[in-house]
Every structure is written in C-alpha cells, then in structure tokens.
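predicted model and sequence below, questions to follow.
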Amino acid sequence: MSETASTTHGVLAGAQHEHPPYQRHHFSSVAQQFDASNFAMWLFLLTEIMFFGGLFTSYLIMRNWYYPAFVAGSHQLSIFLGTTMTAVLIISSFTMAMAVWCAETGRKRDLILSLSLTLLLGVVFLCLKGFEWHGEWVEYHVPGLRFSVENFVNPASDPQVFKEYHDKPLATDMAENVGQYFFLYFVMTGMHALHMIIGVSVLTFMILRARAGDYTSGHVTFVENFGLYWHFVDIVWIFLFPLLYLISRHS
Amino acid sequence: MELQSPRSDETHGEHIHVVSPKVYLAILVILLIFTATTVAVSYVDLGVFNAVVALAIACIKMMLVVLFFMHIKYSTKLTKLTVVSGVFIFFTLISLTLADYISRAWGRW
Amino acid sequence: MNYISPVLWQFLRKWLTHFALFPPEASKMASQMDALFFFLVLVSLVGLTVVVLIVVGSSMAYHHRRHPQAVQIEGSTLLEATWTIIPLGLFLVMFVWGALLYFRVYTPPANAMNIYVVGKQWMWKAEHPGGQHEIDALHVPIGRPIQLTLISQDVFHSFSIPAFRVKREAIPGRYTSVWFEATQVGTYHLFCTQYCGTNHSQMIGEVVVMTPDDYQKWLAGSTSGDSLAQDGERLFASLSCNACHNPTAAARGPNLVGVYGSHLTLTSGQTITVDEAYLRSAILDPSEHVTQGYAPIMPTYQGQVSEEGVIALVEYIKNLNSDYRIQQTLNTTGFSPNIEEKQAPAGKATAAPGEVKQ
Amino acid sequence: MSTSTLVTLPDQSTAKIPKVNFLNQENGLLSWILTLDHKRIAILYLITTVFFFMIGGAAAAVIRLELLTPAGDLVAADTYNKLFSIHGIIMVFFFLVPIAPAVLGNFLIPLMIGARDVALPRVNLLSWYLFVIGGCFELYMIIFGGVDTGWTFTTPLSTHYVNTHVVGAAMGIFIAGFSSILTGINFIVTIHKMRAPGMTWFRLPLFIWSFYATSIIFVLATPVIAIAMVLIVLERVVGIGVFDPARGGDPILFQHLFWFYSHPAVYVMILPGMGVISEVVSTFSRKRVFGYTAVAFSSVAIAVFSFFVWAHHMFIMGISNYSALVFSLMTMLVAVPSAIKVFNWSATMYKGSIHFDTPMIYTLGFLGLFTIGGLTGVFLATLGMDIHLTETYFIVAHFHYVMVGGMVSALMAGIHFWWPKITGRMYPESLGRLAAIILFIGFNLTFFPQFILGYLGMPRRYWSYPPEFQVLNVFSSAGATILAIGYLLPFLYLPWSITYGEIAGSNPWKATGLEWQTQSPPLMENFPEIPIMDHEAYDYDWLERHQQEVASV
Ligand code: HEA
Ligand code: HEA
Ligand code: CUA
Ligand SMILES: [Cu+2]
C-alpha cells in the first residue's frame, strides 16, 4: 500500500482543495459526504421499521385472537377508498423517484414539477385519509371516544355494508373487540399519516429550495435521502392496506 | 492518485448510479398491477391463504420499491446489509413474540 | 447502634447468633432449589476465584517496578477457546438443571388438591374447595401436593412463599398455577412480589402449614357452610345458566355434564381440552370459541360475575357428573338456595356470593 | 523505559496548556449551546447527565433511609413508590444509558478514528436538545407529583390504576429515546465513513468496537420502547388499547415490547464500559489487549444476541414454558462473550508492566464487581432458580452490581482516564485512588447484603418489610453512605482540578490511541492535519519510536 509512503504528510488538509459550497468542513470529499448521509438515512429507516414493528406485532396477535371482530371492522372500510389511496401513494412514489432522477441529471424545471406532483399526491392521500376518518367518527367507530357496537351486533343497522357482505351478527363480547381493531387502525394509520404530514412539509420546503436551484448543481443528497423516506412511508402503506382493508372480503 | 483514500472496505463509485425513468415507469406499472391483483384476490375465498397471498404480494411490492425506487439494487454491500439486518431484527421481534403466544398451553389461540 | 434502634440491636445479636443465609426449607421443592443454588454459587466462586487470581497475581507479579518491560502477547487461540468452552459448558449445565426444576414447579401433579387464589389491590383471597375463604392467609396440610390456581382481579400480583421457594404471578384475565408440598409445620411469610401500586408492601400474609389432623379441624372450624361448588350451583341458577344448559331436549346450549377434561371441537375446526382456563373463558368470552354444532348465542357474563363467582361456577362445572345436579337447579329458583341437605341461613338468600349486583 | 510513575513524564513537566483549544476557541454561552463541535456537545451532555445522576442519587439516599427501619416511617408508601420509580427512570433513561455514549463516545470517537468531527454534527446537537426536552418532561413530572409505576411501567397498573404523571414520564422517555437513536445513527455512520486513512477495522481501538455495538442497539431497539410508550399514553388518554385485559387486550404484550428494548438497553449500559476497560487495562499494563479479535467480536456478539433474550424478564409472568426454555438458553449464550472479555482483560495484565493509577484501580474494581454481577445474572437466567429469586432484592443486587459496580466504575475509570485530555489538567492522584477504594468498599457493603436478603425472600419495591430483614438493610444503608462519599469526592476534586490541577500534556499516560497524539485539550477540529494510521492498535513499540522521533525533531 502507499500508506507508508504518504505518512510524511497528512492526506488532505482541507484548505488546499477546491470545495463545492455544500461540502461541509469535516468531510474530505463530496463522495464521503454523500455516502455518510445516505447511510445515515438508511439507518434512520431501520429505526422506523422497528417503530412500526411494535405495531405490527400487536396487530398480528389481536387479529389472531379476534378474527371475527377484525373481519367485521375491516368490512367497515371502503375498499374503493383504500385502493385509491394505495394507487395515489404508489404514483407519488414514482413521481418522487422521477424527482431524484431530475436532480441527478440536472433538470431544474422537471424537478420542480415532479416534486410538486409528489406534494399534490401526498396531500390528496391525506385528504382521503381525513375523509375516511371522518366517516368512522360519524359511524361511531372511534374506540374510547365515540364508539358503539351497534353495527356489529346488528349488521343490518349498516345497510350499505350489510348489502355487500351479509355479515353475521357478532355476540356483544366479540363486538366489543372490534374496538381493538379500530384502535389499531387509528394508531397505525395515524402514525402513517404523521409520517406523511412530515413528508409533505419537507416537500414544500424542498420545492422552494429547488426553485433556487439548490439541487440541480450536483448536490442531490437531500433529494435522494428524502426520496428514501418517502418510499419507506409508501412501503408501510403497502402493508397496511392488505392488513387493514383486505381481511376476508369474500363471504 | 494521492487523493485515493486507503479507506479499506467500502468502495463507493464517484457517481451514484442513475436509474433511468423507463425502469421507474415499469416498476410503477407493475406495482399498480399488483395492487389490483391483491384487491381482486381478496374477493376469492382461499381460506387462510387469503392472508398469505395478500402478504406475499405486499412483500413483492416492497421488494420492488426497495430495489428500484430506493436503489438498493445498485448500492453498496454495506447498505444492503443494513437493510437485511433491519428486516431480520423486525422478524425477530414478531416471530419470537408470536412464538410465545402460539406455544401457550391455553392462550387465546 | 443502640441509638439507631433498640430493635436493631436486638436483631443484630439474634442475627449474629443465628446468621440466617437461607429461609427455612419447608417444602419438597426447597431442598431441590437450594441444591441448584449451591451448585450455582460453587461454580460462580470458582469462576470468580480464577479471575481474581489472575488479576491479583498479575498485579503483584508484574507491578511496573518489578517488571518494567511488558511482554507483548498477541493472544492465544487455545486459551481463548478454553475460556469460551468451559463457561459455555457450565452455563449449559445450569440451563438444563434449571429447566428441569422450572417444569417441576410449574407442572402440578394430577392428584394435587386445588386451592383458588384471587389477588386484588391489595389483598390475597384464598378459596378452598370446601368453601372456606381466607384473606391474606393460606392454611395447608403437610405432606400433600397443593395446587394453587391464581388469578388477579386488577393488576399483576405475584404470590410468593420464600420458605417453599415457589412464586407465581397472578395475572388479570388468565389462570396461572403453581404447586408445592409442605414438609414442615409452621407459619411462613407470604408476599406479593410484583409491584402492584400503593400498598404493594402491605399485600402480605402468612402461610400456615398444619398436620393433616389440625388441618381437618381448621377446615371444620372455618367453613362458611357451602362448598365452592355449591356456591357455583346457586350462581348457575341465579344467572339462569340452566335456561340453556340443561338436560332437556329443548336445551339451546350443550349439556355441561362431564365437559371438564373432555375434548371439544370448535367451529373453527380446532380441538381443545376443557380445563379451568377454558371454562373461565367460555363464560366470559363465549364467542371466542364456539363449540361445533351450536349457535354463538351464549351471552357474555363479563361484568356480571366477579372472579370469585367465576371460580365458583368453574368449580361447579368441574364437579358436574350427573344430570341430577342440573335438574336440582331447575327445580329451585335462583333466589331460594335451599339446596338439599342444608337450610341456608336467612339473609343470605338475596344474592349468591360472587354475583355482581348492578 | 522509565520506571517512574507515568504522571511525571518529561513531556509533562514542560507542558503548557495550548493557547488555542476547543474550550477557549470560541467564547460566550451561545458558542456553547449552538456548538457543532462534538467535544463541546460531550461536555453539555456531561453536565446534564450528572445533574440527573444527582436527582437519581438523592432518591436513592431517601430510599436507603426509609429502609433503615422495617416500618414505613420516614415517608408515605406512595412517596416511597414514587422515589424508586423516579430513581429507576432517571438513573436508567437519563443517566446511565445516555452518559457513556453521549459523553465519552461523543468526545472520543472522532478523536480515536482520526476524524474532524462526527459525521452529522447538526444531528448531534439536535440529539442533545431532544435529550434536554425529554429531561424537562421528567423534571416537570417529578416536580408536579412524580410517577409511581416503577421504571418498568407494568400494565395495566400504569394505564388504568395509577393517577400519577405517567403520560409526562412516558413522553419524556419517548423524546429522549429519539436522542439515543440519533446518537446511535451518528456513531455508526461516523465509524463507517469517517475513519482516517489507514484506520482499518482491525486497527480500531476496542473502545470503538464496543461503541459500535452499542449504537446498533440504540438504532434497532429504542424505537420499540418509543412505540410502547406511545401506546401507553394513548391507552391512558382514550381508555382503550392493546394492553388492557378488561377490554380484550393483553398486558403481557406490553412486557414483550418493553423488554425488547430494555434488555438490549442493559447492554447499552455495559458495552461502553467494556470499551473503556479495554483501553485502560491495556494502557496501564503497557501491553496490547490479549486477543484483540475475540474482544472486538464479543462486543458485536453481545449486541446481536441481546435481541434474542428479552423474555428472561418474564419467566414467571405467564409466557409459555417453551418460550421460557428458548429465552433461558439464549441468555446463557449471551453471557459467554462477557466471560471471554473478562478473561481476556485478565490475561492482558499477565506479563504486563502494571501501573496503579486511578483509572486502573477503578478498572480492577470493575473486573471483580462485574464478574459477580454477571454471574448472578446467570443465576437469574437459570429457569428454576429465577422462580425463587425474581422480584426480590437478589435482582436489585444483581443489577446494581452490573450497573453501578460495573458500569459506573468503568465510567469513573473513563472520566479519570480522559480527564487530562478533556481539560488539559491532572486531578490529585492520591484523592483519586482514595475515592476509587471508598467506592469499592461502600459498594460492596451496600449491595452484597442484598443478595442475602433476596435469597431470604425480601421482595423488591417494598416500603416496609418484616423485622427480621433489618440488620442486613442497615448494613446496606450504611454502605450507601460510604458510597455517597465515594461519589462526592470526585465531584469536588475534578472541578477543582480544572483550574488548579497540574498541567497534563498531550499524553500523560503514554497511551497509544490517536486521541493522545494530539494536544490536550484538543483543537476544535481535533487534528491540525488528518493523521494517517500506520500501525496496529495498542502498539507500544510504535509509541516509543514515535516519541523518540518527536524528541529528536
Ligand atoms: C448493565 C446492566 C446489566 C447487565 C450487563 C446485565 C447482564 C446480565 N443479566 Fe441482568 N438485569 C439488569 C441489568 C443488567 N444485566 C437489570 C437492570 C435487571 C432488572 C430489571 C428490573 O426488573 O427492574 C436485570 C435482570 C435480569 C434478569 C431478570 C430477572 C427477573 O426479572 O426475574 C435476568 C434473567 O435472566 C438477567 C440476566 C443477566 C445475564 C445472564 C447477564 C449477562 O450478560 C452477564 C454476563 C457476565 C458474566 C457471566 C460475568 C463474566 C463471566 C465470567 C468471568 C466467567 C466466570 C467463569 C465461569 C462460569 C467458569 N438480568
Ligand atoms: C444506573 C442505574 C442506577 C444507579 C447508579 C443506582 C444507584 C443506587 N441505587 Fe438503585 N436502582 C436502579 C438503578 C440504579 N441505582 C434501578 C433501575 C432500580 C429499580 C427501580 C424500580 O424498581 O423501578 C433501582 C432500585 C434501587 C433500590 C430498590 C428499591 C426497591 O426495590 O424498593 C435500592 C435500594 O436500596 C437502590 C439503591 C441504590 C443506591 C444506594 C445507589 C447508590 O449507588 C447511589 C449513590 C449515590 C448517591 C447517594 C448520590 C450521591 C450524592 C449526591 C450526588 C448529592 C445528592 C444530593 C442530595 C442528597 C441533596 N436502587
Ligand atoms: Cu400485589 Cu404487589
Ligand atoms: Cu435482561
């Protein structure tokens, strides 16, 4: 190795080299900086996996215990809405990926467009989510705050769902357990929505910076990392969708 | 090259691999198709396999997003290892916890 | 010393003369537990001695004044393998021994006498099969395996008898069990060891171990009249369980005679063995496991029976071996508990114990 | 080689405090609380965590006073419960978990690997702020009535049966958890991406390996307690949740989630200490660490295996017997790497040239106390034995032996060892040794009787106890007084030494680490130019050659 040869002088005392403005003082090269923050982002996503891991564990246990309740709860969700939300989110992941590409290839206008589309889709998703939550509130499906077992002990009281699935009535004790389903539903979608809200806020900020040309002059780290975050949030939904919406839709 | 740092293990290309929009578009289409499939399948009575199929499709979708949208296919061993270890510990949490519940003499299983 | 507490002085003397390192060994399990403990202590002492010998020995031999120039040693695979494998081996021995003991403590023998224990903030309530209740105390005979079936009415508690070396958590919503066989007559500590709120340290009592004769006397002296099963029978009538569970052809529920210990097939296809836990669950969460061939019409009794009431019902159903008993409940109304031989004392007639009046 | 004690090195008599160093390079309060310098952030952490230690210590003092007599006569039962809950919560989440990584790790990792800073300096500062915000929640909770759930937050007690400030305490832990996560991420990235040229993985000081292992746990385990705390808060707020047995939930699920974090967290509380011990043993034996690779990999093994053993805290809590078997077996396995380390450290002393300076005395204490603590941990991992020992003072003794006897000793060793590097000055050596010895004696007197108490059956978290346990409890309380003196001494002489201590020079211990090859206190950017690593770790021959080179220049 050339180590011994170069021991006499330190590699790289920062000042001797030209630095792009976005390179921070303690890194010796842009590549190192990119690597470091990209890796950090991945590690952060690991923590996110584990964060949702606790919820998935709880979900699986409760679902196995109270399967009929989970079926009845799931039937209350609109499959149309759920599918639409999934599609919206997947498309937004695509536009985000395109944004990364635009940044990498220095297309400023397209970058702003992609980011804006992503933002728009994110907001649409949140609106749909809010709409769905509102529905649950109206129907007394919010455990702890506004909850009634009426729809489950007496499925016919909810003609729309009943017409479609002909659910059998649940015994009251099982119907109470639909509360567990909706508790998990709200916590899981709530945590997901919280991530979306954070994502949407960062997107807004990014669009402003992109207009100033920040990402199209070689410094793509931030866009790339945010992309990772956005895709991760998408993946969480990819799992939430079948787990919450698609329980025993036949019948 | 005096700038070549002798940092040992991680090799990083000077440039990030740029994935072409065509790939992205293809992945998008596949993802949407899978979404439709999973919804359709959920209307067919497969018994316990409904859940299995739904999760399998979700896993495939996840893989696609991770590999292509998140560029894992083109990234270093280190990053790949990071992802795998995260998923591994995630499954440890789930499987060891569920193993306790399943093996109880009389729980609620 | 005297200044801190006269009591202390007294105990210091007592302690120095008796020097207790172990609680009394008052059950069959105790000596086994102590044997394991001695083994663990022995291994630990050996391990600790080895470490201390190397450290202290090196400290003395290689003080920098005596040994100014260190000898650089890279390591030694052989040595390192040795001190990986030996501890591992010892740990595995401990594991196996400990596991055997664990299964022994938590697998009650079939002939054990069952006593129910309900924990609640902040007291223990023991229910003997003969209907004797006691609070913060447990009377048991010597030389007979006793199984405790524990449950908590609120938070986690833990039933601990150091002299017997047994302990088991009382969990809300689930039966757990532990067993012991007392070998020494005497009075021993009973502690709640799981932190359960403000008066956790007051949730203590005594375990009184008696000779079988004394125990019989105690049983006779503290009976309240009805056995647990009789209480259960009364509840069975007053909660109108018998409306559905009866030997008539029109009965909507399964006949419960002999159900305990049998194997049931559920609508989910699962087969289960009926034990106490299943009975309890069948009463409180009936819709979680519906027996094949029946509609899920049984209402839940959650909130209507206390844990003691459930215990009484469970005990009743466990002891059901002929239709005759159920017939009896059909003949009486829930409110007049004049069960055959005994005339119930007046005033007790309004509600069976264990029924929660709302 | 000189035979005089290390403290009077030639380098030292002529040394001066460098004119420019990270302590005086910038001035004013703002330059501190907005600093991005890892060394300054370490000092911010040092101040805050020591502050929390005092709170936890004060609670311990009252606990021991109360336990002087069998009757609960000093404080009310409620107050006692709050005291040990606050003691546990503060000591674990706000003292021992953060102090080692965030203080020693922050200060030393970049210096040891030859970097100018950690990879993400702004995230580093953010994590300190998160820690402070979390701490404020805890302080608010303590001032406005405390919490009485124990540090384990057992459900359904914590969710439905107590009406103290559970929400405040849980939110504090949640926020401080993110501080841990960010610190962990930062260290992993730093260790991977910021190493100086030539600093290969197997040239890293063992300190770095153990902090790397610690960071893995931070990243993968902490989020699980975060979500567990969120679920507790939600359950308290809306009244229903997955932990509530009365509404179909399962309280044991909480135990799973809690211990999934809290068991790995106990290794967060010992691994950094193990790193310190490796450095100190080597330096004061003037000998390379025996079996570098084994020690390095055992750190990682501990971190990885720590994820498979959590349910050993639940052996009698209603997990299935078969599960208990698996977890007991895994616990036995995780104990092995610790044993390897202990033996390797001992072997390092063999044929060394040993100096008994303060850090070394603490280290010797560590070796003995950690071995006792660890071996009693194995008692608890032995299934049958645990039935008798669990929830008694035996456990209290076990974890104080590992956490206080082990980790706090190691921490003291570390702080004394790097104090000259941090401040540029020496503390009074004889006082240092005295404090170490007092700590050792006081510690054993405090906690050894608790093993006996535990076997006798005295339950933990008891405000009052049967009178026959009094004698041992009095020993324990007496020991705590001595222990407190052992802690108070450094509190006095360390601050004193900042202004009056002898000037240390850059390498007072003649240690080999890169951090010792730069001035003390170091510059803001650590090194005038990035060093190049061309030798193994703990290469004392290199050090000698290097020093001769420097002298001849
Ligand atoms: C720093 C913290 C720390 C550390 C390092 C450990 C280390 C270990 N702990 Fe401990 N533990 C705690 C902190 C810690 N623990 C805390 C806080 C609790 C209680 C929580 C609560 O309930 O409040 C607890 C509780 C606890 C329990 C639960 C008890 C119960 O609730 O019933 C168990 C059970 O298995 C256990 C086991 C172990 C084991 C096997 C180790 C091992 O890692 C130890 C390994 C070390 C060694 C084994 C020593 C070195 C070995 C040698 C020198 C070899 C000797 C030679 C021969 C054998 C030949 N611990
Ligand atoms: C890192 C962790 C840590 C540390 C350092 C300590 C340190 C000490 N701990 Fe504790 N302890 C725990 C972690 C820790 N503990 C945990 C997790 C629990 C379980 C809690 C639960 O059950 O939920 C516990 C429980 C616990 C108990 C059991 C309570 C019970 O179950 O009823 C006891 C009893 O003796 C105790 C004692 C002590 C003592 C004497 C010290 C001594 O080492 C402390 C010595 C220090 C001082 C005495 C402070 C020095 C003085 C000052 C800095 C000035 C202070 C200022 C004023 C007094 C004004 N601790
Ligand atoms: Cu009940 Cu402690
Ligand atoms: Cu543990």
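Nice, I can see it. Numbering: from 1, shown residues only, chains lettered A, B, ... in the order given. Ligands and ions are numbered 1, 2, ... in the order given.

where does the prediction get shaky in the stretch 51-200 of chain D?
Within the stretch 51-200 of chain D, no stretch falls below the threshold (pLDDT under 70).

go on, chain B?
B:1-16, B:105-109.

tell me which residue is most central in it.
Centroid-nearest residue in chain B: B:M63, 3.7 Å away (criterion: CA atoms, centre = their mean).

buried stuff in the strand or helix carrying that residue?
Element membership for B:M63 (DSSP states H and E) is helix B:49-64. Residues of helix B:49-64 classed as buried: B:N50, B:A51, B:V53, B:A54, B:I57, B:A58, B:I60, B:K61, B:M62, B:L64 (neighbour count, 16 or more other CB atoms under 10 Å in any protein chain shown). In this view, the C-beta of every residue, glycine as well, is placed from N, C-alpha and C.

how about stretch D:201-221?
D:203-221.

would that stretch count as contacting chain C?
No. Using CB under 8 Å from any CB of the partner chain, stretch D:201-221 stays clear of chain C, coming no nearer than 12.1 Å.

swap in stretch D:344-351?
Yes. Stretch D:344-351 is in contact with chain C by CB under 8 Å from any CB, via D:N344, D:S346, D:A347, D:M349, D:Y350, D:K351.

neighbours of the residue in the stretch 201-350 of chain C that ligand 2 sits nearest to, how many?
Nearest to ligand 2, among the residues of the stretch 201-350 of chain C, is C:S201, at 8.5 Å (CB to the nearest ligand atom). When neighbours are defined as other CB atoms under 10 Å in any protein chain shown, C:S201 has 21 of them.

same question, the one 10 residues further on
The local packing count at C:T211 equals 12, with neighbours defined by other CB under 10 Å.

list the contacts for it?
C:P141, C:I142, C:V185 (CB atoms under 8 Å, 6 or more residues apart in numbering or on different chains).

and the helices in the stretch 151-251 of chain A?
Using DSSP state H, counting those that start in this stretch, the helices of the stretch 151-251 of chain A run over A:159-165, A:172-211, A:221-240.

does chain D have contacts with the last one?
No. Under the criterion of CB under 8 Å from any CB, helix A:221-240 makes no contact with chain D; the nearest approach is 11.6 Å.

kindly report the same for the second one.
Yes. For helix A:172-211 and chain D, the contact criterion (CB under 8 Å from any CB) is met by A:E176, A:N177, A:G179, A:Q180, A:F183, A:L184, A:V187, A:M191.

all strands of the stretch 101-250 of chain C, in order?
Remark: strands assigned in the stretch 101-250 of chain C by DSSP state E, counting those that start in this stretch are C:113-120, C:123-127, C:133-135, C:137-141, C:146-152, C:157-161, C:166-170, C:176-180, C:186-192, C:205-210.

pick the most buried one from these.
Compared across the strands of the stretch 101-250 of chain C, strand C:157-161 shows the largest average neighbour count, a mean of 28 (mean count of other CB atoms under 10 Å in any protein chain shown).

burial count for the one residue in the stretch 201-350 of chain C that gets nearest to chain B?
The minimum distance from the stretch 201-350 of chain C to chain B, using CB to the nearest CB, falls at C:A277 (4.5 Å). Other residues lying near C:A277 total 20 when counted by other CB under 10 Å.

also C:V274?
20.

can you check D:F366 too?
So D:F366, with other CB under 10 Å, has 30 neighbours.

what about the helix or strand hosting it, average pLDDT?
Assessed by DSSP H and E, D:F366 sits inside helix D:358-381. Taken as a whole, helix D:358-381 carries a mean pLDDT of 96.

got the CA coordinates for it in CSV?
Backbone C-alpha positions of helix D:358-381 (Å, rounded to 0.1, in the frame of the first residue of the first chain) are rendered in CSV as follows:
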residue,chain,number,x,y,z
THR,D,358,-6.8,5.9,39.5
PRO,D,359,-8.4,4.6,36.3
MET,D,360,-6.7,1.3,36.8
ILE,D,361,-8.0,1.0,40.3
TYR,D,362,-11.5,1.6,39.1
THR,D,363,-10.9,-1.0,36.4
LEU,D,364,-9.8,-3.6,38.9
GLY,D,365,-13.0,-2.8,40.9
PHE,D,366,-14.9,-3.2,37.7
LEU,D,367,-13.5,-6.7,36.9
GLY,D,368,-14.5,-8.0,40.3
LEU,D,369,-17.9,-6.4,40.6
PHE,D,370,-18.9,-7.1,37.0
THR,D,371,-18.0,-10.7,37.3
ILE,D,372,-20.1,-11.0,40.4
GLY,D,373,-23.0,-9.1,38.9
GLY,D,374,-22.8,-11.1,35.6
LEU,D,375,-22.6,-14.4,37.3
THR,D,376,-25.6,-13.6,39.5
GLY,D,377,-27.3,-12.7,36.2
VAL,D,378,-26.7,-16.2,35.2
PHE,D,379,-28.5,-17.4,38.4
LEU,D,380,-31.5,-15.4,37.2
ALA,D,381,-31.3,-16.8,33.7
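
give the closest residue to D:L364 in space, chain neighbours not counted.
Closest residue to D:L364 apart from its sequence neighbours, by CB to CB, 6 or more residues apart in numbering or on different chains: C:V55 at 6.4 Å.

pLDDT at that neighbour, what is it?
Looking at C:V55, its pLDDT reads 94.

redo the helices of the stretch 151-251 of chain A as TSV? Include mean pLDDT.
Formatted as TSV, the helices of the stretch 151-251 of chain A follow (pLDDT from 0 to 100):
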stretch	mean pLDDT
helix A:159-165	82
helix A:172-211	93
helix A:221-240	95
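
chain C: which of the ones you listed is closest?
Using CB to the nearest CB, the helices of the stretch 151-251 of chain A put helix A:172-211 closest to chain C, at 3.6 Å.

touching chain C at all, the closest one?
Yes. Residues of helix A:172-211 contacting chain C under CB under 8 Å from any CB: A:T172, A:D173, A:M174.

just checking that helix against chain B, any contact.
No. For helix A:172-211, no contact with chain B is found by CB under 8 Å from any CB; the gap never falls below 10.5 Å.

now for that helix, which elements pack on it?
helix A:30-65, helix A:67-75, helix A:108-138, strand A:141-142, helix A:150-153, helix A:221-240, helix D:206-238 (3 or more CB pairs under 8 Å, 6 or more residues apart in numbering or on different chains; DSSP states H and E).

residue numbers of the stretch 1-150 of chain A in contact with chain C?
Going by CB under 8 Å from any CB, the residues of the stretch 1-150 of chain A near chain C are A:W65, A:Y66, A:P68.

count of neighbours near D:Y362?
29.

how about the contacts made by it?
Neighbours of D:Y362 in contact, by CB under 8 Å, 6+ apart: D:V280, D:S409, D:A410, D:M412, D:A413, D:H416, D:A436, D:L439.

what's the burial count for B:A36?
Going by other CB under 10 Å, the residues that sit close to B:A36 add up to 13.

got the phi/psi numbers for it?
The phi/psi pair for B:A36 (degrees, to the nearest 10) reads phi -60, psi -40.

secondary structure element for the nearest residue to it once chain neighbours are set aside?
Nearest non-adjacent residue to B:A36, counting by CB to CB, 6+ apart: A:T83, 7.9 Å away. Taking DSSP H and E as the criterion, A:T83 maps to helix A:79-104.

cool, and D:F417?
Applying DSSP H and E, one finds D:F417 within helix D:409-423.

tilt between that helix and helix D:358-381?
For helix D:409-423 against helix D:358-381, the angle by axes from the mean of the first three to the mean of the last three CA atoms, to 10 degrees is 150 degrees.
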